[in-house]
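> Pasting the sequence and the predicted model now:
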Amino acid sequence: MNTLKKRFSVLGLAWISLLVTNCTQKISSKLNLEKSLSNVESIKGRTEYLNSPYVTAGDRLYMIGHQNGQFPDLGWHVAGEMGGIWDHPIKLIDGFTGTIVINGQSTCLSQADEFVNYPFANKHAYQSAVKGLSIERFQFIPDGQEAVVIEYTFNNTEATDKTFTFLFDTYTDLRPVWLGEKTGMIDGNDEATWDEATNTWIVKDALNPWFVMFGGLNAEKANVTPVCNYQPQGKGCRAALSFTLTVPANSAKTIPITIAGSYQSSQQMKDTYQFVQTNASKLLAEKRLRYESIDHQTRLTIPDKKLEQAFRWVKYDTDWLIRDVPEIGRGLSAGLPDYPWWFGVDGEYALQGLIATGRKDVVYNAIDLIHKISKKTSDNGKILHEVSTNGAVFNDGNINETPQFASLIYKVYQWTGDKEFLAKYFPTIKKGLDWLMTKNDANGNLFPDGFGMMEIHGMNSEMIDVAVYTQKAFADAAEMAKAMDDNALATMYSDKAQLIRQKINKDFWVADANSFADFIGTKEQALHLIDDAIIRADTLKKPWAVEELNITKNKISALPANTSQGFVLHHNWVVNTPMEMGIADADKAIIALNTASKFVSPFGVFVTGIDRDETAGKDEMPTSLNRKIFTYTGAVMTLPTGVLAIAENNYGRPDRALHYLNAMTKSFSFALPGSIYEVSPDYGMVAQAWNLYSYGVPIVQQFFGIQPKASEKTILIQPQMPSTWHQASLENVKVGDNEIGIHYDNNSNNLTLKIEQSQSDWKLVLTFPTGKYHHFVLNGKVVVPINKGKSDIIESSEKKISLVLN
């Protein structure tokens, strides 16, 4: 495989090596950590979004504030409490402030002039707060540690020395996570004590063994009251550190500060504090190296550098969402700041992207966590929807999550070939499919009843996404049953999958709407839902939707009583799931995809189509800067956009798929540099797990066409590139114990594919549409492809191949 690109430079690697072997507390206190990242890719934030959130991420602890350096009340799950520093299942700190006292005058560092994001750290720059001082606040969270490292660097830009006092004022809030009351977590008042031995503040919750401490080298207990006007809510307390500095003319000094916590014991917190404070440089170096490996794995190079960068950073962003609570488990949370816990369905999308980008460890941990808690909650194969980090289950599962779990397990098995993994989860899959059809299909028509992805009140009859994901689950379960040597079960599952597919194409298709139905239900249910939809459309001032809905209402009203059929009311994004899963008949699929293209904004696909403006596809998206109340109404989201990209690829339209990826990429760094919001371009969660599904599947599995069969030591490759990608490569893709790289070069005369694999006992099966190419030259020799109906196939087990087609 090719060597690493110089996003993390060779000089940087040498510096890291030095730190790892020579790290001491003395070195840590003198080095400016941020300077060590001078050759690491970073993205500067937009000035107009300084008053919006950022994330400093770790797997045990994370910090959320605003890019301007403040910590305002954020979020709605626990109103105003979702920001600050969290050590799940508790919160440690609401936030902190910095004050400069110079020549008797106090200045609060209340408004950073610039925010810079790194893949694993971030920086706030205060360039105009104090005359003659340029101040930077840098922070990162070490892997596996309940601590954050913060460095303030003071650059004296004048020709005379400066002596001043710096006050670090902290507002603790040791409190439980959402649903804490379900597990007996009762919040008490915080009590602070100054520890002379370590020059730190130690704070304890009065009712619980919850602790936080903070300090820094040469810190003193502050005797001056800071001037920052910051009074967060909660039962926390305020305590400040004081540092006296003299910064020589035209030079700089750095103050390192460590914050550590524990929800178990004071001693555990102190041990963490001492370890992290002593080893900060080493821990940063280790985190940097780990992020290099994320960049290295499934590394994309394409002509569109913004999309290439977005793909790279979505891999980083996903890592921000790993939430490790040892007593509960380690898994991928849904999004920050308001969904920092675990979900069934979010993982069922996101983990497909993760396994395609080489993160088997995270995938296995996340599946184990959801499976374990689901089994404890509902030992019938049902997969949960949402569980907090204290183990309290909020929703034991919507109907779609159980079949989607089955398909996730099969997808992971395809990539890993791990028979033990399959054997572990297949009993739950069998139980779940039985529960799905025996307990949720009252009329026996093979369409389970209940809520799917659309959480609209009343939409819990036979939903299109539930039906589609059920069909896919039975098809995938048939293959898993074969792998488990249960051929009778495989036949039963396969027959059921085929029948459900036929019924979806027949019963859910609404010809006069050129679309699959949102749901199948009764006339009476449809009329109730349409009245609600008219109110919604009218409130959002969508006159076209009101007109369309009234016409639809008149048609429905004329139906006989108790009529049951498919209805198109909301144009919800889930009507595209038959194409996402590739089960829609080709003629219907193209019609439906063309219809879907009407319900878009410049940033992607509307969750609910009737929310679009009349100038769909051209209108400017309203931003979060103009929204006062949190709501998902009118949302354009990355998941529906990614689903439509996948759907277009399934029916041979990669250019249209790329169009949706480019629309989604317009949101990249729009508000938070390096991230793509949940709601495009700048609303909802600032980091969202399922974004990796929306990028990973269409790029890795469809454009490059990598379809693994790891259990057979076979990789199917069926490239389907956008017409503008004349050259593209995807390197270091893990499949089982193999690793492959694909280099694609398409000029006016020839298509050249160069493929490398690390193992010599694996078969590569390259597939092309029959008749598209007439000459095949494999490693310099003319070969005749194997023809199988619609496909021309070339097979090879060599470690390096070069295939030229024309």
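Structure's in. What do you need? Fair warning: this is a prediction, and the values are worked out from it, not measured in the lab.
> Could you tell me which residues within stretch 410-427 count as buried?
Judged by neighbour count using 16 or more other Cβ atoms under 10 Å, the buried positions of stretch 410-427 are 410-418, 421-422, 425-426. Placement of C-beta: from N, CA and C, glycine included.
> Which members of those residues are the farthest-apart pair?
Across the buried residues of stretch 410-427, the longest distance by Cβ to Cβ is 16.5 Å; it joins 415 and 426.
> Show the backbone phi and psi for the spatially most central residue of the chain.
Residue closest to the average C-alpha location in the chain (Cα atoms, centre = their mean): residue 689, at 1.8 Å. Torsion angles at residue 689 (phi, psi; degrees, to the nearest 10) stand at phi -60, psi -40.
> got the contact list for it?
Residue 689 sits next to 318, 321, 332, 333, 334, 335, 346, 347, 349, 350 when contact means Cβ atoms under 8 Å, 6 or more residues apart in numbering.
> Output the residues you listed in a markdown table, with neighbour count appended to each entry.
Conversion of the contacts of residue 689 to a markdown table gives the following (neighbours: other Cβ atoms under 10 Å):
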| residue | neighbour count |
| --- | --- |
| 318 | 27 |
| 321 | 28 |
| 332 | 27 |
| 333 | 24 |
| 334 | 25 |
| 335 | 22 |
| 346 | 25 |
| 347 | 28 |
| 349 | 24 |
| 350 | 29 |
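> Those in strands, which ones?
Under the assignment DSSP state E, the contacts of residue 689 contribute 332, 333, 334, 335 to strands.
> My read is that the third one contacts residue 688, right?
In other words, residue 334. Yes: the pair residue 334 / residue 688 is scored as a contact, 7.2 Å apart, by Cβ atoms under 8 Å.
> can you list residues touching both of these two?
Counting by Cβ under 8 Å, 6+ apart, residue 334 and residue 688 have no contacts in common.
> For this structure, identify the residue most remote from the centre.
Computed with Cα atoms, centre = their mean, the residue of the chain farthest from its C-alpha average is residue 160, at 48.5 Å.
> okay, that residue: pLDDT?
Note on residue 160: pLDDT of 96.
> One more: the one 5 residues further on?
As summarised for this prediction, residue 165 has a pLDDT of 95.
> now swap in residue 730 and tell me
For residue 730, pLDDT reads 98.
> How about the one 5 residues further on?
With respect to pLDDT, residue 735 has a value of 98.
> what's the neighbour count on it?
26 (other Cβ atoms under 10 Å).
> For residue 753, see how far away residue 741 is.
In this view, residue 741 and residue 753 are 11 Å apart by Cβ to Cβ, to the nearest Å.
> So which of these two has more stuff around it?
Taking neighbours as other Cβ under 10 Å, residue 741 and residue 753 compare with residue 753 leading, 22 against 19.
> Check the secondary structure at the more buried one for me.
Classification of residue 753 by DSSP: H, G, I helix; E, B strand; the rest coil places it in strand.
> so which strand or helix has the residue nearest to it when sequence neighbours are not counted?
Once flanking residues are discounted, residue 753 sits nearest to residue 803: 4.7 Å by Cβ to Cβ, 6 or more residues apart in numbering. In this structure, residue 803 sits in strand 800-805 according to DSSP states H and E.
> buried residues in that strand?
By neighbour count with 16+ other Cβ under 10 Å, strand 800-805 contains the buried residues 801, 803, 804, 805.
> got it, and stretch 465-483?
Buried residues in stretch 465-483 (16+ other Cβ under 10 Å): 465-481, 483.
> and if you look at stretch 118-138?
Within stretch 118-138, the residues that qualify as buried are 118-126, 129-130, 133-138, counting by 16+ other Cβ under 10 Å.
> per-residue pLDDT, the residue nearest to the centre of the chain?
pLDDT, residue 689: 98.
> And it, how far from residue 230?
Taking Cβ to Cβ, one finds residue 689 at 31 Å from residue 230.
> got it, and residue 480?
Relative to residue 230, and taking Cβ to Cβ, residue 480 is found at 55 Å.
> Kindly report the same for residue 172.
Shown here: residue 172 relative to residue 230, a distance of 13 Å by Cβ to Cβ.
> And for residue 418?
Taking Cβ to Cβ as the measure, residue 418 falls 51 Å from residue 230.
> now do residue 661
41 Å.
> now swap in residue 62 and tell me
Residue 62 is 20 Å from residue 230, by Cβ to Cβ.
> out of these two, which sits in the more crowded spot?
residue 62 (25 against 17).
> Bridged to the more buried one, which residues?
residue 86 (DSSP bridges).
> With that, I have no additional questions.
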